[in-house]
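Enquirer: Whatever this is, show me its structure:
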Amino acid sequence: MAHLKVFIIKLTVLSVVFLAVGFLILSGCFTQYYFTSFPFLICYFFILTLTSHFILLKIENLRFAKFSSYFMLITGIKMFMNILFIVIHVWFQRKTAFPFLISFILLYLGYTLFEVISLLIHYKKKNSPPTIIVH
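Expert: Numbers count the residues shown, from 1 in each chain. Next up is the predicted model:
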C-alpha cells in the first residue's frame, strides 16, 4: 500500500496544479468562460481516478484473463459515469457548456495520462527482478 500513499500525494499535487492553472486561465485570460463548478470538476476527477486506481491495485494479482475483464468493466463504468456527468451538467448549466466541455476533455486527458503512467511504473517495478548491489 506504499504505492497507494505515493499515488495519493502525487494525485493531490496534480489536482492542486490543475486547479491553480485552471483558475488562472479562466479568471485571467478567458474571464468570459469562467464557470463556478470548475473546482467540483477537479474533485470529480480526483475521486474517480483514486477509486479506479485503488480497485486496480486490489485486483492486480488475479489471473490475466480475470484482471482484463475487471479492467474493462472499470473502464466501461468510468466512461458511463463521465457521459452521465457531462449530460447532467450541460443540461442544467447550458450557459457554461462550452467551457465545461473543454475543461472536462483537458482534465480527462490529464488524469487518464497520470493514472496510466502510474500503473505502468507500478507494474514495471513489481515485475522487475530484484537489484543486486555488489561492492
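Enquirer: neighbouring contacts of stretch 22-30?
Expert: Stretch 22-30 is contacted from outside by 33-35, 38, 42, 99, 103, using C-beta atoms under 8 Å, 6 or more residues apart in numbering. C-beta coordinates here come from the backbone N, C-alpha and C atoms, glycine included.
Enquirer: Identify the residue nearest the geometric centre of the protein.
Expert: Y111 (3.3 Å; C-alpha atoms, centre = their mean).
Enquirer: list the helices and strands whichever strand or helix holds it packs on?
Expert: When secondary structure is defined by DSSP states H and E, Y111 falls within helix 97-127. Here helix 97-127 touches helix 2-24, helix 38-58, helix 64-92, going by 3 or more C-beta pairs under 8 Å, 6 or more residues apart in numbering; DSSP states H and E.
Enquirer: Am I right that the residue nearest to the centre of the chain is in contact with F45?
Expert: Yes: if you go by C-beta atoms under 8 Å, Y111 and F45 touch, sitting 4.6 Å apart.
Enquirer: which regions of the protein lie under the pLDDT threshold?
Expert: When residues are selected by pLDDT under 70, those of the chain lie in 1, 128-135.
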